[in-house]
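*Asks:* any chance you could fold what I've pasted below:
(one chain, ligands or ions: 1)
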Amino acid sequence: MTTFGLPAECGRLVEYDDYLADLPELDREGLLADAFVIGGGSNLLFASDVSARTFLHPVQSRVEERKTNAGIEVTATAGVCLDDLCSRLASRNLWGTENLSGIPGHIGGAAVQNVGAYGAEFKDVVVSLECYSPAIHDFVTLRKEECRYGYRDSIFKHLPPGERLIVCSATLHLSEEPIFNLRYQGLVGALGSRLGLPENLRDKEEAVRKALLDNGALSPLLFRETVTAMRDSKLPDPAHAGSAGSFFKNPVIGPDEFDRITERWREIAGDPQARVAMHPLHPEPCPRTEQRFKLSAAWLIDKAGCKGMTSGGAALWPQQPLVLVNASGTATAADVVTLERAVIARVRDVFGITLSPEVIHI
Ligand code: EPU
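*Replies:* Predicted coordinates:
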C-alpha cells in the first residue's frame, strides 16, 4: 500500500467507503483512538514495528462540481487519486491543478502534506476541508486559513494525539478563465521549447506568456502534458522503482548561513564566483534581516558527493538524488534509513547543514 514497496505488516487495516456513515460508527467501536490513516501511501516509510497498530484507509472516490460566482468549486473525497482529479479538471478546461499533475497520492494526503511541484502547492486551490474529529465525535469544516499551510506543512502535522483530525474531503476552487502559473523557471523553458521559441530570449517568461495567449495553444492540458513530461524525465516511475518522491525538504535559511554556505562552496569548487543553487523567498529589495533563501536539497546532496551511494537494496535516483529508491525491489526500511542517515551525515560534513526528511517515518 505504499509507493516505496517496502515490506511492512500492520495489526489491522480498516477500509471505509462512506465516511459520513462509517467514521462515526468506527468511532463508536473505539477504532479511531490511535489509528493511522493511510491514503495513497506515497510519502510514508514504515521504519518501525506496526504489527499492533490499526490503519484506516478511505476508499471512497467521489467528485462533485458546482458553479459559484467566483468560478467552479469541486469537492473530492479523501480517497480520490490526486492525479486522476488533475486529469479530469484539465480535460474539463478548468485551471488550478494542472501544475500538480503527476504527483502520486490521494486527496487526503495532499491536504495534510500540502503537496507541491512546478510552482504550485495544493493550498493554492483549497477553499476548505471537511474533517472528522474523534475528540468531539463529530465532523468539522476547516477554512483554508485555519489549515495553517506552509511548505509541506499544515495544522494536521502539529495536532496533539488527542485532537487529531481525519480529512474526509477537500473543496477546491478552479477557474474557467486561463489563470496560469509560470513561477517555475524549468516549466517556462519547457513550454518555450514546445511553442518553438528560441532558446536564449531575454525575458523568456514574458515571451512564453505572450506566445501562449497568441497562438491558441493555451489550455490546462498543455500545462499538464508539459509537467508530466518533465516529471517523467527526472523522477522514477513508481512501477519500476519504488520511492516516496523527494525524501528531504529543501532547507530554508537566512542570509548569514547563506553566505557561509556560498563561501564553503567556492572553496570546494575552487571558483570565487561559484553560486549555490537557491530560490529567494523574499521580494527584492529586502532588508538583510528579513531575507530567506530556499536551498536545493538535490543540489546539496549532489555537490556533497552523495550520488551513487547505496545501502542494501536502497539507492539515490541518478537523475534526481533527492529521491531515495527501492532500487533492487527487495530493499528494507532499514536499508532506506541507513542511506538516509549517510546522506544527512555527508551533507552535514561538507556544508554544515542538516537535511530533514519530508517523508513521514512511522
Ligand atoms: N540538482 C542537482 N543535481 C541533480 C539533480 C538536480 O544539483 O542531479 C539540482 C539542480 O540545481 C536543480 C535543482 O536540483 O535545478 C532542483 O531540482 P528540481 O527542479 O527537480 O526541484 P527540487 O527542488 O529538487 C522540488 C520538490 C519536488 C517537485 C520539484 C518540481 C521538494 C522537497 N521537492 O524538488 O517534489 O516535484 O520541486 O517542482 O520540495 C516531492 O515532494 O515528493 C517532490 C517530488
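*Asks:* near the ligand, which residues of the stretch 51-200 of the chain? Just list them.
*Replies:* Ala117, Tyr118, Tyr184, Gly186 (Cβ under 6 Å from any ligand atom). Quick note: C-beta positions are derived from backbone N, CA and C, even for glycine.
*Asks:* so what's the residue nearest to Ser356 when sequence neighbours are not counted up against?
*Replies:* Distance criterion Cβ to Cβ, 6 or more residues apart in numbering; nearest residue to Ser356, sequence neighbours excluded, is Lys249 at 5.6 Å. The contact partners of Lys249, taken as Cβ atoms under 8 Å, 6 or more residues apart in numbering, are Tyr151, Arg152, Ala297, Leu355, Ser356, Pro357, Glu358.
*Asks:* cool, and Ile72?
*Replies:* If you count contacts by Cβ under 8 Å, 6+ apart, Ile72 has them with Glu65, Arg66, Leu94, His173, Leu174, Ser175, Glu176.
*Asks:* for the second one, which three-state class applies?
*Replies:* In three-state terms, and counting by DSSP: H, G, I helix; E, B strand; the rest coil, Arg66 is strand.
*Asks:* return the distance of the closest residue to the ligand within the stretch 1-150 of the chain relative to Val63.
*Replies:* Closest residue of the stretch 1-150 of the chain to the ligand, Cβ to the nearest ligand atom: Ala117 (3.5 Å). Separation of Ala117 from Val63 (Cβ to Cβ, to the nearest Å): 21 Å.
*Asks:* when the two are compared, which one has more neighbours?
*Replies:* Neighbours were counted for Ala117 and for Val63 using other Cβ atoms under 10 Å; Ala117 has more, 20 against 16.
*Asks:* quick one, phi psi at the more buried one?
*Replies:* phi -170, psi 160 (degrees, to the nearest 10).
*Asks:* please apply the same query to Gly352.
*Replies:* Backbone torsions of Gly352, given as degrees, to the nearest 10, read phi 70, psi 30.
*Asks:* kindly report the same for Thr77.
*Replies:* Dihedral angles for Thr77 - degrees, to the nearest 10 - are phi -70, psi 160.
*Asks:* that one pairs with what?
*Replies:* Counting by DSSP bridges, Thr77 forms beta bridges with Ser169.
*Asks:* could you tell me how many residues sit around it?
*Replies:* Applying other Cβ under 10 Å, I find that Thr77 has 24 neighbouring residues.
*Asks:* change the start of the numbering to 260 and stick with it
*Replies:* Sure, I'll start counting at 260 from here, so that last one is Thr336.
*Asks:* contacts only, for it.
*Replies:* Tyr278, Pro317, Gln319, Ser320, Arg321, Val322, Ile366, Cys427, Ser428.
*Asks:* can you tell me the SS state at the residue in the chain that the ligand sits nearest to?
*Replies:* Residue nearest to the ligand within the chain: Gly504 (2.4 Å; Cβ to the nearest ligand atom). When classified by three-state DSSP, Gly504 comes out as strand.
*Asks:* contacting residues for it?
*Replies:* Thr262, Ser301, Asn302, Ile362, Pro363, Leu494, Val582, Glu617, Val618.
*Asks:* so the fourth one sits against Tyr377, correct?
*Replies:* Same thing as Ile362. No. Ile362 is beyond contact range of Tyr377, at 9.5 Å (criterion: Cβ atoms under 8 Å).
*Asks:* still on that earlier bit, what residues are up against the residue of the stretch 260-409 of the chain closest to the ligand?
*Replies:* Counting by Cβ under 8 Å, 6+ apart, Ala376 touches Asn358, Leu359, Gly361, Ile362, Val486, Arg490.
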